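**Student:** with the sequence up front, the predicted model follows.
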Amino acid sequence: MDGAVVFPMALEIGAAALVTWLTWRAANGSLPRNSLAGVRTSVTMSSEATWRIGHRAALCPTITSGLLVTAWCTISIGVPALRTPAAVLVAAGLLVGGALLSVPAAHRAVRRALPEAGGDGSHSDGFPATPPSSSITDVDPRAVRRYREDRPGTTTTQAAEAVARLEREGH
């Protein structure tokens, strides 16, 4: 029975490492929006900026879940009394729990970064129905936030377009 439990535990550790690595890559921009990996919701998929913002926020629950899964599996492999099918299910639950906590964290972060979402032309969940133009999707969200703080009343889209224009002009 030990081998029948050790192998799935090792797979759980590998899955935790893979999920954490993919989330980290999406957060730093080296994993672009895609239909296979990452927090793939209408909110995070609406632009490259929302993809990165959402994944930055998803990193904390993902890393926490990955560390818990790795610790639990390592302990379970090392302690013969814990080498049970139930221990494999606990590890799977921790991994799925981290993924489930990542989605609301990503959505909250996008909502904080894009406060004007929810006006006309929005999805029922309050996010724009059409993604911003490609010229503004690679703008640093911190620069957009600073621009909006300096110019109250400016929408996020207006600020992103202005920041993109300033970056193109070399300012």
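**Tutor:** Looks like it came in fine.

**Student:** center of the chain, which residue is that?
**Tutor:** Nearest to the mean C-alpha position of the chain, by C-alpha atoms, centre = their mean, lies His55 at 2.2 Å.

**Student:** who's in contact with it?
**Tutor:** Contacts here follow C-beta atoms under 8 Å, 6 or more residues apart in numbering; on that basis His55 touches Thr23, Ala26, Ala27, Gly38, Val39, Thr44, Ala106. The C-beta positions use only the backbone N, C-alpha and C, and glycine is treated the same way.

**Student:** where does the fourth one land in three-state SS?
**Tutor:** Assigned with DSSP: H, G, I helix; E, B strand; the rest coil, Gly38 falls in the coil class.

**Student:** and the gap between it and Val69?
**Tutor:** 18 Å (C-beta to C-beta, to the nearest Å).

**Student:** would you confirm that Arg56 contacts Trp24?
**Tutor:** No: applying C-beta atoms under 8 Å as the test, Arg56 and Trp24 come out as separate, 9.6 Å apart.

**Student:** and the two? Which one has more around it.
**Tutor:** Using other C-beta atoms under 10 Å as the criterion, Arg56 and Trp24 rank with Arg56 on top: 20 against 17.

**Student:** how much space separates the more buried one from Gly3?
**Tutor:** Distance from Arg56 to Gly3, by C-beta to C-beta: 40 Å.

**Student:** and Gly38 and Val69? which has more neighbours close in?
**Tutor:** Val69 (27 against 24).

**Student:** quick check: pLDDT value at that one.
**Tutor:** Per-residue confidence at Val69 stands at 96 (pLDDT).

**Student:** before we move on, what about Gly119?
**Tutor:** Gly119 is given a pLDDT of 31.

**Student:** and the next helix or strand past the longest helix along the chain?
**Tutor:** For the chain, the longest helix by residue count, based on DSSP state H, is helix 48-78. Downstream of helix 48-78, the next assigned helix or strand under DSSP states H and E is helix 85-113.
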